[in-house]
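Colleague: Sharing a model that was predicted from the sequence below.
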Amino acid sequence: MVANFDSVQQIGKEQFEAVSAAAAAVTKGWQSIAAETTDYSKKSFEKSRLLAEKLITVKKLDEALALQTDFAKTAYEDFVAEATKLGEMYTSMAKEVFKPMESVAKTFTPAE
């Protein structure tokens, strides 16, 4: 009976450690994602500010349209690149979160 209690206690300890490691991975992942999002927002705002400054000095409608078109194209490309990068960060975070849980799950799956 003591051996069973010790094994149950060890399983509980392993689960606690796995959950703790997963929580740490989530925290680290969210911090990275927040930092990346903040950086993208700052860059995007700066590019918008520069566009507004250029538009103020424009004398012809053609120049304004060209500036707007270039800005829209660049903003879209930047957004797609950022969305891809964030998707990769979310995927990486999910892998890191579930990695500690795999070892715990193996203790509950029957051996073949």
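Modeller: Looks like it arrived, so ask away.
Colleague: okay, CA-based contacts and neighbour counts for the rest of this
Modeller: Will do.
Colleague: Rounded mean pLDDT for the helix or strand where Ala66 lies, please.
Modeller: Secondary structure from DSSP states H and E places Ala66 in helix 61-108. Mean pLDDT, helix 61-108: 90.
Colleague: And for stretch 43-51?
Modeller: Rounded mean pLDDT across stretch 43-51 is 97.
Colleague: Measure how far it is from the centre of its chain, please.
Modeller: In terms of CA atoms, centre = their mean, to the nearest Å, the centre of stretch 43-51 is found 23 Å from the chain centre.
Colleague: For it, which outside residues touch it?
Modeller: Leu67, Gln68, Phe71, Ala75 (CA atoms under 8 Å, 6 or more residues apart in numbering).
Colleague: Name the nearest residue to Ala23, sequence neighbours excluded.
Modeller: Take Ala23 and drop its neighbours on the chain: the residue closest to it by CA to CA, 6 or more residues apart in numbering is Val97, 7.2 Å away.
Colleague: Next, count neighbours for that neighbour.
Modeller: 22 (other CA atoms under 10 Å).
Colleague: Over to the one 3 residues further on?
Modeller: Pro100 sits with 19 neighbouring residues when counted by other CA under 10 Å.
Colleague: In space, what's closest to it - neighbours in sequence excluded?
Modeller: Ala18 (4.9 Å).
Colleague: on that earlier part again, quick check: of the contacts of stretch 43-51, which has the highest neighbour count?
Modeller: Going by other CA under 10 Å, Leu67 tops the contacts of stretch 43-51 with 17 neighbours.
Colleague: need the contact list for it.
Modeller: Neighbours of Leu67 in contact, by CA under 8 Å, 6+ apart: Leu51, Leu55.
Colleague: ok, 10 Å please
Modeller: Shown in contact with Leu67 (CA atoms under 10 Å, 6 or more residues apart in numbering): Leu51, Ala52, Lys54, Leu55, Val58, Leu61, Lys73.
Colleague: does the third one really touch Lys60, like I thought?
Modeller: No. In this structure, Lys54 is not within contact of Lys60 by CA atoms under 10 Å, at 11.9 Å.
Colleague: Neighbour count for the two, which is higher?
Modeller: Remark: of Lys54 and Lys60, Lys54 carries more neighbours, 13 against 9, as counted by other CA under 10 Å.
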